[in-house]
Each structure stands twice: as C-alpha cells, then as structure tokens.
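Colleague: structural data only, the sequence is not supplied:
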C-alpha cells in the first residue's frame, strides 16, 4: 500500500519572479491564517461588502456587480464568458497569445459561434482591424486580453472599446496580469466585463478571481433565454449571495482566501494606485536596463511592452532549462518558461505586486549574470546590476 | 465616493457547529500562512503527489484519477457531472434534499436528459425503487447524495451500487458531508465518481473539492465525442497537471489552500479513520442524548441519521431566528438554519472534524438550554449537559 503519512510541508524559500504567483506579504499570509468563520456570519458578510468596495476602487468602476469568483483566474474568464454567451451567440476573440486562445476555447464550449482574430504572439491589435472584423462578423461579445501573460504584450484598450461599442458589441477584457500593476480603467474605457486573478499584481495567493460587469452586461444577462451552462459560475445566483439585499446562500465561499484578498486589497489601496503603478514601472525600467546590459533582448516591441512581465529572448547557445534550474536551485529565484510558440525561446520575468522591488531586480540580475556565464556567456562583471542602479538613480531624478 | 480604506479584518471568536465550514485546527491554519511558491515548483508538485496519496487513503480507493478540484464542493459536483455527461446522455438523480436538487440542475445545464427520482426531505432511497427507475430510464449515470447536508439523512450505498451497475449505469456519489467523518468506501462500494468538500469533516477551510473517478468513469470520459462544457473543470486537462508523467500547466492551482488540505489530510490519517469515525459517533450520541433531554426531536428517522449533522425540529412557539442570533451573539456558537422545505422548521447542528468534541457538545447544550428558556421553554436546569455526560460515560464503558 502506498505511503500515507507525510511530514508537514515546509515550502522552500523562493523569490517569485515568474508570471505568477507573485510574492505575498507577511500581512496577507497571516490574514489567511485567521480562524475560519461561517459564510453567512454577519462579520463575513461585512468583509464581503468591504471587498466589493475595494475591488470597485481597484477596477476603477462603479459597477454594482463586482465580486470575487470562487476559483482562479481561468474560472473568472469562464464566468464572464458563460454568463454573457448563450448557445448560438457570436463572439469575436482576439488571439495573440495563450490566454486569448483559451478564451476562444471557453467560448466555443459555451456554445458561441466563435471567430478568432489572430496576431502573432507578442504583437497587439489595432482598432482598425477589430473594427473591420466586427463590421463583418457582428459579434455579441468581443474578447481581448489587456496584458498577455504568455507574451508580455500590453494591448491598448480605449480606441478598441470605441469601435467595439460603435459596432454594437460588448467588450470583455482579460485583466489577469494588469489589475493593480498598471492602469485599468473599467468605467472610463467602457469595459462591459472584466476578470482578473489574485496571484499577479494583487499579490495574494491564487484561488479567487475578481470580476466586474457593466449595467449593459447585466442587462444582457438578465435577458437570457437559457440557463447559464455552469451552475457554479452562474452570476444570477452568485450575485444574490454578494448582494446586501438578499444574501441567498449559493455555495460556501472560500472564507480564508477571502481574508487574504481583503488584506491584499487594503495594501494595494494604502499604497495608492498611481504610486503602485509608478513603482512597477520604475522596477521594470531598471530590470530592462540590466538585462539589456547583459546582452539580452526583449521579445516584445517597446511600444507595447508590459511593465509587470518581461519577456526576454534566450540568447543563442544558452540552455533554457539549465538556467532556470540554476536560478531556482542556487538562488531560489523562480522565473517563467516561454509558452506556446515562445517555449524554449523566451523567459518570462514577472515583477508583480510585492515581487516588484529593487532588491529583487538587483539579486535577479546578479544571479542571471552568473547563470549566463556558467553557460559560456561573457557578461561583464556586474554589468546588469550597474545598469539597474543607474536606472534607479535616473528615475529618482525625473 | 464610497469608502475604500478599511481596518484589518479580525474574525470574531466562533464555535462552528453549522453544516460547514467546521472548525479548523491551529496546525491547518498555520499551514495556510506558509509562503506561497510556484504552481510548477518541484516542491509544490511533491505536495500534490502526497495529497493525492492521502486523498486515496481517505476515499479508500486505488483510483489513479483522485485529486482536489480548485473550487468548493459545488465545483466538485459540477466537475463530476460535466465530465461524465455529454449532451443527450441520460442521468437519473435521486433527490431527497437541496443537494440532490442541485445535482439535477447541474446535469440539466450540462445537457443531460434528467430524470429525478424524488423522496421527501429527510428520507432515503431503497435499492428497489432505484432499480426500477434504472430499468425504465436506462441512465448513463445515476447520482445520489451519501450524506444530505440539507436534511441530515444518511443514504446506505452498497446495495444501491449493486443495482446501479446491474442496470448498466455508473454511480456518482456526493460525499461532501460524509468524507472523513463516517465510512466512505469508494472501491468496496464500486463508486464510479465521487466529490467532497474540504470544509466539512476534513476540517480545512472551504476552497477545494476532492474528487475521485474509477477506471470505468475514466474510460467513459476518454470515449467522449464532445468537449467538456467547462474548460476550468475539464478533467482531461486537469489530470495532466496532477499526473507525475506530464505536469502540463492548466490553471494556477490555489497554492496556499493546497497547503491547508495537505495538513488537514495529515491530521485525518494520523488520527486513523476508524477512530475518527468513532469520535464523530460518540459526540453525536452525546449530543442526541442532550437535545432529547431538552425536549427536542430529530427530523430524521434513527435508522438513517447522520452522525455528523444533526437536524432537530424547532419546538413549537420557539423563534428560529432569535435562538440562532442569541447562540451566535452571546456564545459565539454558529448552527445552521433549515434549508428548502425545512427552513424555519429545523436547526442543523454539525459536529464535523475538529468541531466534533465533547467540549463543543457540552457548551452547545448549556447555551441551547438558556436560549430555549429565554423563549419561554421550561428546560430542567442542566438536563442536556447531564444527559450528554451520561452518554459519554456509557460510551467509555462499551
């Protein structure tokens, strides 16, 4: 019979610089460990109310229907799609990375007639091409990824939102990797539905997915003729549990994960969003100066480069796996491998939430230099660290 | 603008005697607060392997496909249904409470042709009536609830499993409230698919759902002609992430929740299952002696009464809400309200996992006496506590 008695799990010390999960503060970790209370306890309902208010502030929206889905980011994606789509509805999905591809898959499973508008991994879409596709296809919903975690590309949204609405479509935005790390303006951009994850720039462990729906989206959901395919993610019921008026039991919320999200949102809003975005940008610029000084190139054009997730090309002759293994084994540093067509060709270095710090940038550059030289590289001693430090000095002056 | 700055959440002190979540030990709570690591970190993959082995031990199965779904118990229910059912498949659902009803709803959304076999809330099914329904309806899957959390009824399984298989159907069992609190024998009973929740007798916070699938169920899933309706819950992909061979990324697992489940499973198996079941039974018998001494009656016949969830009738003239509010407000004790047709007529007193203790039984009986007397009751002073103590003495002798 297999062994069934194990020692208590002791996680190793890690610096999380991958595409998520990001590092989690001691405050958020200790919030997770507070005693569990009931999902209908008045004190827990108060926590849900406060969480909704803070989520609205972070999404920059007044949307009533704003809450945390009881699953990870992909559950949030599925929640948005299955509530907006009825079998036979048309959905246009913009695919320039793994997560756009996932959205198209989710939409097809929900019974949508899906059209994919594709761009190579690492590129972004123009409003003009989306406008043309909408004019031809006339989709009910247009889905696009704000920050493609698989490629490190940042998709500009405002102009696209204009053409989506002018074409009579609703806009669904994937904010998994952008929320709380760079500007996301749900109301100003007139986004109809958006989802995120807790384990990226919110710096909370994975397990919940913040979502928000505009009044237009809610009206579309209220006008459905068919039941939502997923019982678990059916917003017509989930929203009653989150509603101050009803509080109808739906499922047992992940209590302690919600403690963690509440604490993480407090931290985000105490830092104040513009300052948080500036911190992410400052550390990105220092990392960029450092990796370029070590001879690496970015995989994404400067104009659409994500500040929170740096996709850099693996230099010729360098063993992807060996470098990542050395970073993890010797320095406890996790970075991400490439995904899809970028597998083996890029590394993904995340600087999200708590993980976005000068300390992490400097130690990563120092460790990377050593790993590259172990692969026969000829990095000048300290070149990455020196360039990053110079970047910080320049940032402080500007 | 709405307030967006809140004080850190401090949960009140609670004794959780409702239908779940149950109390959580200090060991499990502190496991939740260990630093987050990556979902592809070799150390996290090791934790997943150990978790699978422990889940198999608790489910009493050798099923390879045994893992924790990244959502609460209802997500586990949906995972089982949507993976086994293709549109047009027939599913027989035995409904004698809220959760049987939920399973029927989930199955219909998955495109099943659903037949409900119904019994009044609080009763259980005979093998004969299920055999007859299967002979007539010929369902691909037959779903039934082992421990109906909404009514406190315990469904005997072995004979039903025999007729289900003799009729050419697969058996799906809801073990949300039974697993780790009373005998669940997946292999011996030849159950084809089962799901549970972490927040009941496993005494872990809500957020994950253990599931297990027999080889027959896996073969049926492998023979599907259509994609699973839910991307998030599609076992053909989820199982690759949990497989030692593949480890293909699917979604970001809820890392810290999995820390908690690992610790909770360690506790369950260190106690040893038969001893754990005996503890649950002993505390149930003491509670029963106590509430009967206070003049209350059970809502479920003795032959099919759940030891872990006691549904008792609210005496005539007693205000349901007032008693529960007093229990919570004065004593920090949470019990559950009735659900569905039992709302306002029963209380549900859970003694699950860590919450199943003599201390909790005694303090609950003492507090309940006071609350009932506040409602004009005439409980003899200390009658409940005395009866419970006598029950413990009798248990110790037997």
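Modeller: Structure received. Every value quoted in this text rests on a predicted model; they were computed, and no experiment measured them.

Colleague: low-confidence ranges in the stretch 101-250 of chain A?
Modeller: Within the stretch 101-250 of chain A, no stretch has pLDDT under 70.

Colleague: which residues in it form helices?
Modeller: Along the stretch 101-250 of chain A, the segments classed as helices by DSSP state H, counting those that start in this stretch run A:127-137, A:158-166, A:215-222, A:235-242.

Colleague: so is the third one next to chain B?
Modeller: It refers to helix A:215-222. No: for a cut-off given as C-beta under 8 Å from any C-beta of the partner chain, helix A:215-222 has no contacts with chain B; the smallest distance is 15.1 Å. C-betas here are computed from N, CA, C, even on glycine.

Colleague: give me the buried positions along that helix.
Modeller: By neighbour count on 16 or more other C-beta atoms under 10 Å in any protein chain shown, the buried set for helix A:215-222 is A:217-218, A:220-221.

Colleague: got the contact list for that helix?
Modeller: When contacts are defined by C-beta atoms under 8 Å, 6 or more residues apart in numbering or on different chains, helix A:215-222 is touched by residues A:63-65, A:83-84, A:140, A:170, A:192-193, A:213, A:235-236.

Colleague: model confidence for the nearest residue in space to residue A:242 that is not next to it in sequence, exactly?
Modeller: By the measure of C-beta to C-beta, 6 or more residues apart in numbering or on different chains, the closest residue to residue A:242 outside its immediate chain neighbours is residue A:67, 4.5 Å from it. With respect to pLDDT, residue A:67 has a value of 98.

Colleague: which phi and psi does residue A:67 have?
Modeller: Note on residue A:67: its backbone torsions stand at phi -160, psi 180 [degrees, to the nearest 10].

Colleague: would stretch A:344-358 count as contacting chain B?
Modeller: No: contact check for stretch A:344-358 against chain B, using C-beta under 8 Å from any C-beta: none in range, with a minimum separation of 10.0 Å.

Colleague: what is the end-to-end distance of that stretch?
Modeller: Across stretch A:344-358, the straight-line distance between its terminal residues is 27 Å, by C-alpha to C-alpha, to the nearest Å.

Colleague: stretch A:334-345 now?
Modeller: From start residue to end residue, stretch A:334-345 stretches across 17 Å - C-alpha to C-alpha.

Colleague: show me how far that stretch is from its chain's centre.
Modeller: Distance, stretch centre to chain centre, for stretch A:334-345: 17 Å (C-alpha atoms, centre = their mean, to the nearest Å).

Colleague: for the residue nearest to residue A:253 when sequence neighbours are not counted, give its distance to residue B:369.
Modeller: Nearest non-adjacent residue to residue A:253, counting by C-beta to C-beta, 6+ apart: residue A:39, 4.7 Å away. According to C-beta to C-beta, to the nearest Å, residue A:39 and residue B:369 sit 27 Å apart.

Colleague: neighbour count for the two, which is higher?
Modeller: A direct count of neighbours by other C-beta atoms under 10 Å in any protein chain shown for residue A:39 and residue B:369 places residue A:39 higher, at 24 against 21.

Colleague: which ones are touching the more buried one?
Modeller: With contact taken as C-beta under 8 Å, 6+ apart, residue A:39 is in contact with A:249, A:252-253, A:255, B:21, B:206.

Colleague: ok so residue A:58 is a strand residue?
Modeller: No: secondary structure of residue A:58 (DSSP: H, G, I helix; E, B strand; the rest coil): helix, not part of a strand.

Colleague: count the neighbours of the closest residue to it other than its chain neighbours for me.
Modeller: Counting by C-beta to C-beta, 6+ apart, residue A:58 lies nearest to residue A:180, which is 5.5 Å off, once chain neighbours are set aside. The burial count assigned to residue A:180 is 29, neighbours taken as other C-beta under 10 Å.

Colleague: could you do the one 5 residues further on as well?
Modeller: Other residues lying near residue A:185 total 14 when counted by other C-beta under 10 Å.

Colleague: is the residue nearest to residue A:253 in a helix, a strand, or coil?
Modeller: When the rule is three-state DSSP, residue A:39 gets the label coil.

Colleague: so residue A:171 is in contact with residue A:161, correct?
Modeller: Yes: with the criterion set as C-beta atoms under 8 Å, residue A:171 and residue A:161 qualify as a contacting pair; they are 5.3 Å apart.

Colleague: what is in contact with the two at once?
Modeller: With C-beta under 8 Å, 6+ apart as the test, residue A:171 and residue A:161 both reach A:189-191.

Colleague: show the buried residues in those.
Modeller: A:189-191.

Colleague: got the contact list for the closest residue to chain B within the stretch 101-250 of chain A?
Modeller: Using C-beta to the nearest C-beta, residue A:207 is the residue of the stretch 101-250 of chain A that sits closest to chain B, at 3.4 Å. Taking C-beta under 8 Å, 6+ apart, we find residue A:207 in contact with A:71-72, A:198-199, A:254, A:257, A:260, B:70, B:207, B:254-257.

Colleague: out of those, which sit inside helices?
Modeller: Among the contacts of residue A:207, the members falling in helices are A:257, A:260, B:255-257 (criterion: DSSP state H).

Colleague: ok, of those residues, which one's closest to residue A:15?
Modeller: Nearest to residue A:15, judged by C-beta to C-beta, of the ones in helices among the contacts of residue A:207 is residue B:255 at 15.2 Å.

Colleague: from what I can see that closest one touches residue A:21, true?
Modeller: Yes: using C-beta under 8 Å, residue B:255 and residue A:21 qualify as a contacting pair, with a distance of 6.1 Å.

Colleague: between the two, which one's more packed in?
Modeller: Shown here are residue B:255 and residue A:21; by other C-beta under 10 Å, residue A:21 has more neighbours (33 against 24).

Colleague: for the spatially closest residue to the more buried one that is not a sequence neighbour, give me its contacts.
Modeller: With sequence-adjacent residues excluded and distances taken as C-beta to C-beta, 6+ apart, residue A:21 is closest to residue A:199, at 3.9 Å. If you count contacts by C-beta under 8 Å, 6+ apart, residue A:199 has them with A:20-22, A:72-73, A:205-207, B:36, B:252, B:255.

Colleague: of the residues you listed, closest to residue B:375?
Modeller: Nearest to residue B:375 among these is residue A:207, at 40.9 Å by C-beta to C-beta.

Colleague: give me the neighbour count for residue A:226.
Modeller: The number of residues packed around residue A:226, counting by other C-beta under 10 Å, is 11.

Colleague: so it sits against residue A:86, correct?
Modeller: Yes: look at residue A:226 against residue A:86 with C-beta under 8 Å: they come within range, at 5.1 Å.

Colleague: stretch A:294-306: which residues count as buried?
Modeller: Within stretch A:294-306, the residues scored as buried using 16+ other C-beta under 10 Å are A:294, A:296, A:298-300, A:304-306.

Colleague: would you convert those residues into a markdown table that also reports distance to residue A:94?
Modeller: Listed next are those as a markdown table, based on distance: C-beta to C-beta, whole Å:
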| residue | distance to residue A:94 |
| --- | --- |
| A:294 | 33 |
| A:296 | 28 |
| A:298 | 22 |
| A:299 | 19 |
| A:300 | 16 |
| A:304 | 13 |
| A:305 | 18 |
| A:306 | 16 |
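
Colleague: kind regards, and thank you for your time.
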